[in-house]
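J.: Could you work out the structure for the sequence below:
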Amino acid sequence: MCKNRNITFGYAIENGNIIINPTESEIVKTIFNRYINGESFKQIAESMTQQGCEYRANTHNWNKNMVKRIIDCDKYIGTDDYLPIIDSATFHQAVENKTSRCTYKRPEKETETTAPAPAPEYTPTLEVIRLGKEIGRELDNLEVDKNHIKSLIMQCASKNYDCCHTEGSTEC
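T.: Okay, the predicted model is just below:
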């Protein structure tokens, strides 16, 4: 029998018909049994590699995705013109085990999008407005007193901060 990975592992094509590959079908049964008995995809893949089981021609390296594809494939219970290799109960037990072992949980979709809370309103006091205008006038002068402007900026910032609403406060 010619190996061809266009056909599901465990099967072969002979004279145009899908038939069970005896060697690969035993590997499929082993994989299902080991998975049902608690081994992980990775453990099974490592074991298959160590035993030298061929997945493709001249390829003895297995990975957990190859094992997962076998566990997920319902063709092994006899669907889509494939002969059954395992019974339905074994397949469903493996799928149930896989679902219960799954550590990744998809985040639940929110039914409504929640808008962010509105920012508290800011109303500058007359003192803040006055300081802002004084800073502007000082910056327009040809000779600038940097220390005086820094002092005005700090005063304005302090007054702005005092004017902001704090949690639970409604006053400026």
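
J.: Give me the distance between the helix or strand hosting residue 27 and the centre of its chain.
T.: Element membership for residue 27, per DSSP states H and E: helix 22-36. Relative to its chain's centre, helix 22-36 lies at 30 Å (C-alpha atoms, centre = their mean, to the nearest Å).

J.: How about stretch 60-73?
T.: The answer for stretch 60-73 is 21 Å, by C-alpha atoms, centre = their mean.

J.: how close does residue 150 get to residue 52?
T.: Distance of residue 150 to residue 52, computed by C-beta to C-beta, to the nearest Å: 78 Å. In this view, the C-beta of every residue, glycine as well, is placed from N, C-alpha and C.

J.: Looking at the two, which one has more neighbours?
T.: Taking other C-beta atoms under 10 Å, residue 150 and residue 52 do not tie; residue 150 has more neighbours (10 against 7).

J.: What's the mean pLDDT across stretch 106-116?
T.: On average, the pLDDT along stretch 106-116 is 68.

J.: Quick one: end-to-end length of that stretch, please.
T.: Its first and final residues considered, stretch 106-116 spans 24 Å by C-alpha to C-alpha, to the nearest Å.

J.: Going forward, the N-terminal residue is numbered 18.
T.: Done: numbering now begins at 18, and the last item shifts to stretch 123-133.

J.: List the contacts of residue 161.
T.: residue 155 (C-beta atoms under 8 Å, 6 or more residues apart in numbering).

J.: now it, what's its secondary structure?
T.: Secondary structure assignment for residue 161 (DSSP: H, G, I helix; E, B strand; the rest coil): coil.

J.: quick check, residue 35 in a strand?
T.: Yes: counting by three-state DSSP, residue 35 is part of a strand.

J.: what does the host helix or strand of residue 154 contact?
T.: Using DSSP H and E, residue 154 maps to helix 143-157. Residues outside helix 143-157 that contact it (C-beta under 8 Å, 6+ apart) are 141, 161, 162, 165, 166, 169, 170, 172, 173, 176, 177, 180.

J.: how about 7 Å then?
T.: Under the contact criterion C-beta atoms under 7 Å, 6 or more residues apart in numbering, helix 143-157 has outside partners 161, 165, 166, 169, 170, 172, 173, 176, 177, 180.

J.: ditto for stretch 105-124
T.: Under the contact criterion C-beta under 7 Å, 6+ apart, stretch 105-124 has outside partners 49, 52, 53, 88, 91, 93, 94.

J.: again, only using 8 Å
T.: 49, 50, 52, 53, 57, 88, 89, 91, 93, 94.
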